[in-house]
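Asker: Make a model of this:
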Amino acid sequence: MKFFLKVISFYIFSLGFFLLKFTWFNFVFECSCTGDIFPKYYAFPFIYKSDSLASSLAEVFYISGILLNGLVITFLLLIIDFYLLRLIKNKKFIVKTYLLIQLFLLLLSGYSFYISYTFLGDDNFEWKSDFREEVRAYSADCKSYFKGFIVN
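Answerer: Numbering: from 1, shown residues only. All right, here's what the predicted structure looks like:
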């Protein structure tokens with residue numbers, strides 16, 4: 001039961017990570033084609049959002065990309081958590097501090113998700129990205145780059 005709760009909390013944190021209005025780091029696909037405007041697509045490792053061409057504040061989120069990215073991040077967090085707990089298992093104070101930090105990050109993730117979607121509600125949700133089909137249909141020239149809080 002304890003492991004199940006940990007997986008669920010990590011998954012909720014991971015989903016919140018991808019639904020935030022500000023991103024910590026991501027992989028960006030920027031395409032151009034003569035006569036047509038393409039949005040930027042964001043991936044980590046699956047495409048989970050793109051800029052909306054209708055409004056500069058709105059974004060289009062892809063549910064399948066968010067769910068799959070959430071699984072990838074949850075798996076990585078579980079591996080890190082497993083090895084970290086093995087390192088600090090004999091230090092009760094550090095383990096309790098680590099659990100409080102986990103709880104704080106989960107609450108912060110939920111709160112930032114709430115703030116992001118309470119004030120800005122112009123976003124659209126679709127099941128799957130049409131990135132590959134659009135690139136093929138318009139013969140677009142795409143370049144990709146990594147964008148993060150350290151690398152701009």
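Asker: does the residue most central in space within the chain count as helix, strand or coil?
Answerer: For the chain, the residue nearest the mean C-alpha position is F18 (2.1 Å; C-alpha atoms, centre = their mean). For F18, the assignment made with DSSP: H, G, I helix; E, B strand; the rest coil gives helix.
Asker: could you measure it against I12, distance?
Answerer: As judged by C-beta to C-beta, to the nearest Å, F18 and I12 stand 11 Å apart. (C-beta placed from N, C-alpha, C; glycine too.)
Asker: quick one on the thing from earlier: for the residue nearest to the centre of the chain, which residues are in contact?
Answerer: Taking C-beta atoms under 8 Å, 6 or more residues apart in numbering, we find F18 in contact with 44, 48-49, 65-66, 69-70, 73.
Asker: Give the other helices and strands that the helix or strand where R136 lies contacts.
Answerer: Counting by DSSP states H and E, the element that carries R136 is helix 131-138. Applying 3 or more C-beta pairs under 8 Å, 6 or more residues apart in numbering; DSSP states H and E, we find helix 131-138 packed against strand 25-32.
Asker: Tell me which residues are up against the strand it packs on.
Answerer: With C-beta under 8 Å, 6+ apart as the test, strand 25-32 has contacts from 38, 40-45, 47, 131, 134-135, 140-151.
Asker: and the next element down the chain from it?
Answerer: Following strand 25-32 in sequence order, the next helix or strand is strand 41-43 (DSSP H and E).
Asker: Would you mind getting the angle between the helix or strand following that next one and strand 25-32?
Answerer: Counting by DSSP H and E, the element after strand 41-43 in chain order, helix or strand, is strand 47-51. Strand 47-51 runs at 60 degrees relative to strand 25-32, counting by axes from the mean of the first three to the mean of the last three C-alpha atoms, to 10 degrees.
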